[in-house]
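A.B. asks: sequence unknown, structure follows:
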């Protein structure tokens with residue numbers, strides 16, 4: 001099973017200049033951001049590090065993409081303006097919607113979005129709170145999860 005490293009876990013190693021994790025370890029976006037801020041070098045055991053100036057391996061590029069993506073879920077009674085309201089919050093902080101699926105089961109609305117956080121102007125916790133607040137305003141349940149955590153929690 002792959003381990004998930006959060007910012008809280010990684011902060012315990014603030015005195016380290018280099019960290020080595022087992023191959024397949026998942027670092028949350030908050031952990032990655034903190035590592036970058038601290039200037040800590042990270043490598044994964046069993047994987048050769050890319051040489052300076054060389055292209056990043058395809059698997060690492062995919063991991064990097066996932067690190068900047070999140071899943072937004074929206075559930076509640078159907079009404080006019082749900083998609084516009086949620087999309088408006090995302091647009092206001094420069095979050096790009098990559099994919100969206102929505103349906104209505106009788107009078108119940110369900111939507112899942114994959115969003116790109118690369119250009120987001122606020123931190124993850126602030127974005128989560130903004131979406132939850134909009135959900136309360138629209139009488140909906142809105143959640144935001146990093147894609148890597150979502151995949152980890154929903155693996156078969």
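C.D. replies: Everything's here; your move. Worth saying up front: this structure is predicted, and the values here are computed from it rather than measured.
A.B. asks: my guess is residue 72 is in a strand, correct?
C.D. replies: Yes - per DSSP: H, G, I helix; E, B strand; the rest coil, residue 72 lies within a strand segment.
A.B. asks: Please name the residues that touch it.
C.D. replies: 86, 90, 111-113, 115, 131, 142-144 (Cβ atoms under 8 Å, 6 or more residues apart in numbering). For every residue, glycine as well, the C-beta is placed using N, CA and C.
A.B. asks: now, which of these sits nearest residue 15?
C.D. replies: residue 144 (31.9 Å; Cβ to Cβ).
A.B. asks: Okay, and that closest one sits in which element?
C.D. replies: In this structure, residue 144 sits in strand 140-146 according to DSSP states H and E.
A.B. asks: got it, and residue 89?
C.D. replies: helix 82-92.
A.B. asks: gap between that helix and the chain center?
C.D. replies: Between the centre of helix 82-92 and the centre of its chain there are 17 Å (Cα atoms, centre = their mean, to the nearest Å).
A.B. asks: and what of stretch 100-118?
C.D. replies: Chain-centre distance of stretch 100-118: 16 Å, with Cα atoms, centre = their mean.
A.B. asks: Give me the angle between the strand holding residue 144 and helix 82-92.
C.D. replies: Orientation check (axes from the mean of the first three to the mean of the last three Cα atoms, to 10 degrees): strand 140-146 against helix 82-92 gives 40 degrees.
A.B. asks: what's in contact with strand 140-146?
C.D. replies: With contact meaning Cβ under 8 Å, 6+ apart, strand 140-146 is reached by 28-29, 67, 69-77, 82, 86, 109, 124, 127-128, 131-132, 134-135, 153.
A.B. asks: Buried ones only from those, please, as a PyMOL command.
C.D. replies: In PyMOL, this line selects whichever of these come out buried by 16 or more other Cβ atoms under 10 Å:
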select buried, resi 28+29+67+69+70+71+72+73+74+76+82+86+109+124+127+128+131+132+134+135
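A.B. asks: Out of the contacts of residue 72, which is nearest to residue 102?
C.D. replies: residue 111 (3.8 Å).
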